[in-house]
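S.K.: the sequence isn't on hand, but the structure is:
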């Protein structure tokens, strides 16, 4: 954190961190769609983001992944649902895009202030 | 803590699914093979997938709270096993591999079963390829921040 970064930038950094971790879990679930005995893993976005926002440093704390309950288990012990993962993949992707766009907006207003409000020269 | 490990995970799945498709192709190509270097007919092969980061015992030790370290569950082909089902015996007395009763042992391969397995492999491959596309777009978006 330095003089140039706004609370919005710090928050978006945490959002991006948690979103990337969630995206990685979704990708890992998709990779293991045919692995016998594999159980779907996910993290609770809301509580993990709250935990990350509560930590002061630039580093996001270790996130906690859990097995997801209530999914139908196939005879080989695998319970990855393609619909669920496909939906979550799109969700994390859009969430990431949103955070990046908001961050971009912050940088642009910062640049505008540096240029004395005279556009992005 | 980088997006590139997500690419590695999807990449491991692509490799595993391609190996599965290769084994299916070998099974279909050898559906009529009665003679192999080890003797006897070709045995139908199957792949066994294993997850490299999925260790339930350690998860239990950790009290079901596995933290997200660098240990992401990539997938790999653990081994290729022979299908134990017995060979099909066909009466072909003129065949060089026929036994004393005139029966030839053929591999027990069902083309329908192999096609279904192949389609499963192709679909899983496509799924992981689209996951890679999504990850690539996200990386591209964060690079756009530099502009």
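M.R.: Arrived safely, thanks for sending. All values derive from a computational prediction rather than experimental measurement. Numbers count the residues shown, from 1 in each chain, chains lettered A, B, ... in the order given.
S.K.: need the residues of chain A near chain B, please.
M.R.: Within reach of chain B by Cβ under 8 Å from any Cβ of the partner chain, chain A has these residues: A:16-17, A:20-21, A:23-28, A:30-39, A:41, A:43, A:60, A:62-67, A:82, A:86, A:89-90, A:93, A:96-97, A:100, A:103-104, A:107. In short, each C-beta sits where N, CA and C put it, glycine included.
S.K.: center of the chain - which residue?
M.R.: You didn't pick a chain, so chain A it is. The residue lying closest to the centre of chain A (Cα atoms, centre = their mean) is residue A:19, at 0.3 Å.
S.K.: that was the other one, I meant chain B.
M.R.: Nearest to chain B centroid, counting by Cα atoms, centre = their mean: residue B:20, 2.8 Å.
S.K.: list the buried residues of the strand or helix carrying it.
M.R.: Under the criterion of DSSP states H and E, residue B:20 resides in helix B:4-29. Within helix B:4-29, the residues scored as buried using 16 or more other Cβ atoms under 10 Å in any protein chain shown are B:5-7, B:9-10, B:12-17, B:19-21, B:23-24, B:27.
S.K.: now it: average pLDDT?
M.R.: For helix B:4-29, the mean per-residue pLDDT is 93.
S.K.: next helix or strand past it?
M.R.: Counting by DSSP H and E, what follows helix B:4-29 is strand B:45-51.
S.K.: now do that next one: distance to the chain's middle.
M.R.: In this view, strand B:45-51 has its centroid 5 Å away from the chain centroid, taken as Cα atoms, centre = their mean, to the nearest Å.
S.K.: before we move on, what about stretch A:10-30?
M.R.: On Cα atoms, centre = their mean, the centre of stretch A:10-30 falls 3 Å from that of its chain.
S.K.: which positions in that stretch come out as buried?
M.R.: Going by 16+ other Cβ under 10 Å, stretch A:10-30 has these buried residues: A:11-30.
S.K.: pLDDT averaged over that stretch - what is it?
M.R.: Stretch A:10-30 comes out with an average pLDDT of 92.
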